[in-house]
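Enquirer: please find the sequence and the predicted model below.
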Amino acid sequence: MEAKTKSKHNHHNHTLVTDIDIEVKNIIQKELERQRSQIILIASENFTSQEVIRTMGSVLTNKYAEGYPKNRYYAGCEYMDEIEELARERAKKLFGCTYSNVQPHSGVQANTAIFVALLKPGDKILSMNLRDGGHLSHGHFQNISGKYFQIYTYGVDPRTEVIDYEDVRKIAMKVKPRLIITGASSYSRIIDFKKFREIADEVGAYLMADIAHIAGLIAGKCHPTSIGHAHFTTGTTHKTLRGPRGGLILSDSEYQEIIDRAVFPGTQGGPLMHVIAAKAVAFREAMKDSFIEYSKRIIENSQALCSYLKDEGFRIVSGGTDNHLFLIDLTNMNMTGKEAEEALSSVGIILNKNVIPFDKLNPNITSGIRIGTPAVTTQGMGKEEMYEIGSMISYTLKNRDNPTKLKEVGNRVRKLAEDFPVYTNFVN
Ligand code: DSN
């Protein structure tokens, strides 16, 4: 500490006592109000617990802890070791595996670390194409995956819009990739990890399962697990898993060394220890029986909303859903995904436009929308509310040029959100 801050005329430690940043605080307050007053149907979003948020706002953010427990590059890491060990152990217990790495800052970082651990530039990857539900970090030409590796893709059957495993097998036999990626960001059906592993074994490839979207459903025992099938499982902690924003890698202890090195120093520097602590909190929450109940309800709600909208005449991609999300093809409604997203946003229903299988429109316009139920389920909504949301979505889209009717839906949205308040005692 500089001598001048110790002056007797200055009792405050300037590093600790600051004035409140009203400008920032007000923006956060507005965002809190937005989250409270709208209906969030973005399939990858959720309301994390106040305990998770409190933990993220802790002094752990101050500490550099490059390296791993008991093997750090800085002094003073004893409590960092404790917290990271706790997070790692809880992740292993929750998912039933022998290795976890809780340092990836995000899902993309987790995926990139696996590439660095396994591949050389120019190696072949086989992954689900983006249009059919894949993710940009699985081979988009502008992402590091698409720039450094040769990407081959599989997709869904044009008739059923479900993954055709025989087709994946044929492509894999032809391509002979070093890595096969399974996992998606907009696919509403169960993924058969066992079948993927059989295909990987047949062609001598590694299998990576990106469970970012369904991590919570797997933890909640509502989707078959990738553990025991995929060599490497990557994911995020903030979607269905309902933790802090961040990434995660799960695997077998035999891969510990290569993965640890690929995360640090391979692709990252100092870990975000405050976020790692919050991941530990979320893993504990996800071990509770109530989380299994929560996962079940996410899917029940998704199926209820999906069937309501189907009955309203909307075409559902693949005809239904087994998980937390589904896609609507708006082509028969004479509307683009962009138009639908905007109309729904204007009444306070928040979701995203999304490409659908064989989409002829570009990703900024799209023919579809993606709808997910993790956030509304956290709020405590059930089937009845799903029917009300379905009715509001249908009414909005069918009356999108009628400002009076849109205003009416806006009031219904606010009323429903108020009936299921979030963060009621929140102090930020
Ligand atoms: N942005 C996430 C999603 O919404 O699916 C994926 O990274």
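Expert: Yep, it's here.
Enquirer: quick check: buried residues in the helix of greatest length in the chain?
Expert: Ranked by number of residues, the top helix in the chain under DSSP state H is helix 289-311. Using 16 or more other C-beta atoms under 10 Å as the test for burial, helix 289-311 gives 291, 294-295, 297-310. For glycine as for every other residue, the C-beta is placed from the backbone atoms N, C-alpha and C.
Enquirer: quick one: list the elements packing against that helix.
Expert: In terms of contacts (3 or more C-beta pairs under 8 Å, 6 or more residues apart in numbering; DSSP states H and E), helix 289-311 is packed against helix 215-219, strand 315-316, strand 325-329, strand 368-372, helix 374-378, helix 383-398.
Enquirer: and whichever residue of the stretch 251-400 of the chain sits closest to the ligand, what are its bridge partners?
Expert: Nearest to the ligand, among the residues of the stretch 251-400 of the chain, is residue 352, at 6.8 Å (C-beta to the nearest ligand atom). With DSSP bridges applied, residue 352 shows beta-bridge pairing to residue 370.
Enquirer: how many neighbouring residues does it have?
Expert: 22 (other C-beta atoms under 10 Å).
Enquirer: what do you get for residue 393?
Expert: Residue 393, neighbours per other C-beta under 10 Å, totals 27.
Enquirer: you'd agree it is up against residue 309?
Expert: Yes: assessed by C-beta atoms under 8 Å, residue 393 is found in contact with residue 309 at 6.5 Å.
Enquirer: shouldn't the residue of the stretch 251-400 of the chain closest to the ligand be in contact with residue 42?
Expert: Yes: counting by C-beta under 8 Å, residue 352 does reach residue 42; the two are 5.8 Å apart.
Enquirer: so what sits against both of these two?
Expert: residue 370 (C-beta atoms under 8 Å, 6 or more residues apart in numbering).
Enquirer: name the nearest residue to the residue in the stretch 101-250 of the chain positioned nearest to the ligand, sequence neighbours excluded.
Expert: For the stretch 101-250 of the chain and the ligand, the shortest gap (C-beta to the nearest ligand atom) falls at residue 185, measuring 3.5 Å. Nearest residue to residue 185, sequence neighbours excluded (C-beta to C-beta, 6 or more residues apart in numbering): residue 135, at 4.6 Å.
Enquirer: now do residue 161
Expert: residue 318 (3.9 Å).
Enquirer: number of nearby residues for the one you found?
Expert: Neighbours around residue 318, by other C-beta under 10 Å: 20.
Enquirer: residues contacting it?
Expert: Here residue 318 is in contact with 156, 160-162, 188-189, 327 (C-beta under 8 Å, 6+ apart).
Enquirer: distance of the nearest residue to residue 346 once chain neighbours are set aside from the ligand?
Expert: With sequence-adjacent residues excluded and distances taken as C-beta to C-beta, 6+ apart, residue 346 is closest to residue 406, at 6.1 Å. Going from residue 406 to the ligand by C-beta to the nearest ligand atom, to the nearest Å gives 25 Å.
Enquirer: count the neighbours of residue 406 for me.
Expert: 17.
Enquirer: with residue 353 instead?
Expert: The burial count for residue 353: 22, using other C-beta under 10 Å.
Enquirer: so who does it touch?
Expert: So residue 353 contacts 336-338, 340-341, 365-366, 368-370 (C-beta under 8 Å, 6+ apart).
Enquirer: which parts of the stretch 201-350 of the chain are strands?
Expert: Using DSSP state E, counting those that start in this stretch, the strands of the stretch 201-350 of the chain run over 206-210, 232-236, 247-251, 315-316, 325-329, 349-350.
Enquirer: of these, which stretch is the most buried?
Expert: strand 232-236 (a mean of 29; mean count of other C-beta atoms under 10 Å).
Enquirer: my guess is residue 129 meets residue 155, correct?
Expert: Yes: Residue 129 is in contact with residue 155 according to C-beta under 8 Å; the separation is 4.9 Å.
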